[in-house]
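>>> have a look at this prediction, sequence included:
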Amino acid sequence: MMLMERVKASPPEPAPDDRQQDPNLSVLIVNFNGGALLTQCIQAVLASPLTLEVIVSDNGSTDSSLVDLETCLGRDERLRIHRNYANLGFAAGHNRVLPLAQAPYLLFLNPDCLVEPTTLPRMLDFMARHPEVGMAGAIIRNPDGTEQRACRRRLPDPWISLVRFLHLEGRWPSLFAAKRLNLQDDPLPSAPQAVEAVSGSLMLVRREALDRVGPLDEGYFLHCEDLDWFMRFRQAGIPIYLIPCAEARHHQGSCSADRPIRVEWHKHQGMVRYFRKFQCRDYPLPFSWLVLTGIWAHFGAFVLLQGARRLVRQVTQAR
């Protein structure tokens, strides 16, 4: 279903004393060694013409990201920093600061995701006019301007995963069109559109919907907790929408580029948890074991590939 309407370009200008009012948007950011992008991310948010607050949940960062942030924006009353002193993971990091958030709308934002000045006003305007919608996402672009893969997608199942793993949608696109995970090759919708899943780097959630569905599942450390959430919204019958006139740039992987195997380990653990939680009961036991074996075989292949690449680099540097 598509809402055939254009979202307004921008809301009315805020009153001069808006900063003294209760915020209508709480922006929650989990940071772990986000570097300079953390400050850039928050500067972009604070440039939005909204009454908002920003709460950073820091998972024991060891870089200069918090020092740089406090030096640049530490006097801004809209910013609060909560220190966890340990890496709790994405879901737990967000859940620790949920009780601090005061607004009726919550934006779960990655520290490497930079919003446009009109992004948040447009999204809030849409949510205010459509109270049945529980979550909204934006068009997420790579730094080069291309649409990021996970911007609009289907919820995965074993068959969708198999089609993606074997690259069948590229060989026979018409035959496997219904089993594509990512939809970035489809034309952009001209109006807000209901989707199964948006990018986990930017999720605008209505507090009333969160209270019904519950917070992020802390059983996931990193990756797949967003898919878990999307599935639970779907099970509760609460729509998720993509707002095509709202955009952001996501420098994906900038906070974890130096730990690829560890990141993939958590991602594959998340895949296993997601399958066991939502889909395992729908399939015969032998098939479920095959799926779980395939997930860990995929991780093993990734580790071998990383090792081979490292060996090639060492040999090349030694010459």
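Yep, it's here.

>>> pLDDT wise, what is Asp211 at?
Asp211 is assigned a pLDDT of 97 by the prediction.

>>> quick one: buried residues of the longest helix along the chain?
Longest helix in the chain, counting residues (DSSP state H): helix 285-318. Neighbour-count burial for helix 285-318, counted by 16 or more other C-beta atoms under 10 Å, picks out Ser288, Val291, Ile295, Phe299, Phe302. In this view, the C-beta of every residue, glycine as well, is placed from N, C-alpha and C.

>>> helices or strands next to it in the packing?
helix 158-165, helix 260-278 (3 or more C-beta pairs under 8 Å, 6 or more residues apart in numbering; DSSP states H and E).

>>> and that helix, how far out from the chain's middle?
25 Å (C-alpha atoms, centre = their mean, to the nearest Å).

>>> now it against helix 260-278, angle please.
Here helix 285-318 runs at an angle of 170 degrees relative to helix 260-278 (axes from the mean of the first three to the mean of the last three C-alpha atoms, to 10 degrees).

>>> now helix 285-318: mean pLDDT?
86.

>>> got it, and stretch 245-258?
In the prediction, stretch 245-258 has an average pLDDT of 82.

>>> then stretch 135-153?
94.

>>> for whichever strand or helix holds Trp229, give the mean pLDDT please.
Using DSSP states H and E, Trp229 maps to helix 225-235. Summarised as a single mean, pLDDT over helix 225-235 is 97.

>>> chain center to the helix or strand that that helix is followed by: distance?
Beyond helix 225-235 on the C-terminal side, the first helix or strand identified by DSSP H and E is strand 240-250. Strand 240-250 sits 12 Å away from the centroid of its parent chain (C-alpha atoms, centre = their mean).

>>> can you tell me which helices and strands strand 240-250 packs against?
strand 113-115, helix 119-129, strand 135-141, strand 193-194, strand 197-198, helix 225-235.

>>> mind listing what that strand pairs with, with the direction of each?
strand 113-115 (antiparallel), strand 135-141 (parallel), strand 193-194 (antiparallel) (DSSP bridges).

>>> reformat those strands as JSON lines; add distance to Ala36.
Output for those, formatted as JSON lines (distance: least, C-beta to C-beta, whole Å):
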{"stretch": "strand 113-115", "distance to Ala36": "11"}
{"stretch": "strand 135-141", "distance to Ala36": "19"}
{"stretch": "strand 193-194", "distance to Ala36": "34"}
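
>>> just name the most buried of the helices and strands packed on strand 240-250.
The highest mean neighbour count among those, using mean count of other C-beta atoms under 10 Å, belongs to strand 197-198: a mean of 26.
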